[in-house]
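Asker: Please work out how this folds:
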Amino acid sequence: MTERQVAWGILGPGTIANNFAVGLAQTPAAKLLAAGGRTPDRLAAFGERNGVERLYGSYEALVADPDLDVIYVATPHSFHLAHGLLAIEAGKGLMVEKPAGLGARDVEMLVEAARKADVFFMEAYKCRSHPQTVRLVELVREGVIGKLTRIEAKNGGFKERDPSSRLFDPALGGGGILDIGCYPVTTVRLIAGAAQGLPYAEPVALEASGEIGPTGVDEIAEAELDFGDGLTASIACALRRQMEDTLVLTGTKGTIRLPVPWRPGRNAGPSDASIVIETEEGTREEWLRDPRQLFAFEAEAATNAILAGLKTAPWPALSGEESILNARVIDRWREGMGLPVLASALTA
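Answerer: Just a heads-up that it's a prediction; the model follows:
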């Protein structure tokens, strides 16, 4: 007897959609059945590269396919709300690439729509589904470095300023915070929660600083977060400054460092990752090895959840409630820099 596979559709056949398609191909219980796009040549190339059976020239036609269980939305940030609602209103489950919306209002609307429609919802933070994240939380909860006092998380690099790029276009949700700063946000919230015996925690205070470029997006962004009980965190991201991708935890008895915290095996496997632990007993390195590509972990988490009849993927993936809270912290970071809190159009 053939086991049931979850039938996936991909909305928006761009670069990250190709990465996710590879992850789906490495998930036995998943099948990439269909894709939809508005650029015929790009859609055809995507279909050929990933062996997609059904190609639709409109998003409406894609979500109307009766054989699909779930849609992965991989369009630019400013379209996530409209395209996510399109999938939900068609009765499909939704995995939406991070950030789920331009602001917390967008995310609230998606989560509430999914709840009312009784369909699956997941915001795709791939680092939250990688095994190193689970192991990191275990180490914090075990008190390996004593009481946690400080978290430092950076994610960035230098890019040429290109006003035609979505990264430098405020109307498309450009800027470092929404594109890559959201990884440090979701991760420090997770770790702070682990230190407090919770699934996640919210900062009681946040102070932001950085540089806004001539196109109106944050090109360099930093923030100091206070989680109370002696635990603080610094987060940073950049589009126009070279930064070492860093995640360092400091406790009363040592430190934990992730050399590749955000994207191990992003484009191809293996997605091997190491955790470096330094205490008074010395330094040791733990390796977590897996031949698969990074996106396979979130694809597997979502697929298994859908097969189990769940409406969200199990922790440490974000629940709908946590996606809202995470977006509120991102809003606070942007507001602290003098940037507007954004809301997406309902149609795109």
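Asker: What is whichever strand or helix holds L325 packed up against?
Answerer: L325 is part of helix 320-336, with elements assigned from DSSP states H and E. For helix 320-336, the packing partners by 3 or more Cβ pairs under 8 Å, 6 or more residues apart in numbering; DSSP states H and E come out as helix 104-117, strand 121-124, helix 182-195, strand 205-212, strand 218-228. (Each C-beta comes from the backbone N, C-alpha and C, glycine too.)
Asker: neighbouring strands for the second one, and are they parallel or not?
Answerer: It stands for strand 121-124. With DSSP bridges as the test, strand 121-124 is paired with strand 93-97 (parallel).
Asker: ok, residues contacting the partner strand?
Answerer: Applying Cβ atoms under 8 Å, 6 or more residues apart in numbering, the contact partners of strand 93-97 are 16, 20, 69-74, 80, 83-84, 87-88, 110, 114, 119-124, 298, 302, 306.
Asker: at 6 Å instead, please
Answerer: Identification of contacts with strand 93-97 by Cβ atoms under 6 Å, 6 or more residues apart in numbering yields 69-74, 80, 84, 87-88, 119-124, 302, 306.
Asker: for stretch 226-236, same thing?
Answerer: 148-154, 184, 188, 192, 201, 203-205, 222-225.
Asker: and those, which are buried?
Answerer: Neighbour-count burial within these applies to 148, 151-154, 184, 188, 192, 201, 203, 222-223, 225; the criterion is 16 or more other Cβ atoms under 10 Å.
Asker: of these, closest to A104?
Answerer: Nearest to A104 out of these is P203 (Cβ to Cβ; 14.6 Å).
Asker: Excluding chain neighbours, what is closest to that closest one?
Answerer: L225 (4.0 Å; Cβ to Cβ, 6 or more residues apart in numbering).
Asker: any idea where the strands of this protein begin and end?
Answerer: Assigned by DSSP state E, the chain shows strands spanning 6-11, 30-36, 54-56, 70-73, 93-97, 121-124, 148-156, 205-212, 218-228, 231-238, 246-251, 254-258, 273-279, 282-288.
Asker: So what's the model's average confidence on the helix holding L325?
Answerer: Averaging pLDDT along helix 320-336 yields 98.
Asker: So which bits of it are buried?
Answerer: Applying 16+ other Cβ under 10 Å to helix 320-336 flags 320, 322-334, 336 as buried.
Asker: which other residues reach that helix?
Answerer: Contacts of helix 320-336 (Cβ under 6 Å, 6+ apart): 100, 103-104, 107-108, 111, 121, 123, 177, 182, 185-186, 200, 206, 208, 223, 312, 341.
Asker: 7 Å instead, please
Answerer: Contact with helix 320-336 is made by 99-101, 103-104, 107-108, 111, 114, 121, 123, 177-178, 181-182, 185-186, 189, 200, 202-203, 206-208, 221, 223, 312, 318, 341, as judged by Cβ atoms under 7 Å, 6 or more residues apart in numbering.
Asker: which of these count as buried?
Answerer: 99-101, 103-104, 107-108, 111, 114, 121, 123, 177-178, 181-182, 185-186, 189, 200, 202-203, 206, 208, 221, 223, 312, 318.
Asker: domains for the chain, by residue range?
Answerer: Segmentation of the chain into domains, based on automatic domain parsing, reads 6-126+297-320, 131-292.
Asker: Of those, which is nearest T347?
Answerer: Closest among the domains of the chain, once you apply Cβ to Cβ, is domain 6-126+297-320, at 5.3 Å.
Asker: gap between the two ends of the closest one?
Answerer: Using Cα to Cα, to the nearest Å, the end-to-end distance of domain 6-126+297-320 comes out at 21 Å.
Asker: so where's the protein uncertain?
Answerer: For the chain, the stretches with pLDDT under 70 are 1-2, 348.
Asker: Apply 80 and report the result again.
Answerer: 1-2, 345-348 (pLDDT under 80).
Asker: Surely A201 touches A194?
Answerer: No: between A201 and A194 no contact is recorded; they are 8.5 Å apart, counting by Cβ atoms under 7 Å.
Asker: quick one: contacts for the closest residue to T246 other than its chain neighbours?
Answerer: Nearest residue to T246, sequence neighbours excluded (Cβ to Cβ, 6+ apart): K154, at 4.4 Å. K154 makes contact with 184, 236, 243-246 under the criterion Cβ under 7 Å, 6+ apart.
Asker: partners of K154 in the sheet?
Answerer: Residues in beta-bridge contact with K154 (DSSP bridges): A236, T246.
Asker: And the residue nearest to the spatial centre of the chain, its phi and psi?
Answerer: By Cα atoms, centre = their mean, the mean C-alpha position of the chain lies nearest to Y125, the distance being 2.1 Å. When read as degrees, to the nearest 10, the backbone of Y125 gives phi -100, psi 100.
Asker: i'd like the first residue to be 342 from this point on
Answerer: Sure, I'll start numbering at 342, so the last one becomes Y466.
Asker: OK, contacts around it?
Answerer: Per Cβ under 7 Å, 6+ apart, neighbours of Y466: 439, 527, 659.
Asker: What is the nearest of those to R390?
Answerer: Closest to R390 out of the contacts of Y466 is K439 (23.1 Å), distances taken as Cβ to Cβ.
Asker: how many neighbours does the closest one have?
Answerer: 24 (other Cβ atoms under 10 Å).
Asker: With respect to A405, which of the buried ones among the contacts of stretch 567-577 is nearest?
Answerer: When the buried ones among the contacts of stretch 567-577 are compared against A405 (criterion: Cβ to Cβ), the nearest one is P525, at 38.1 Å.
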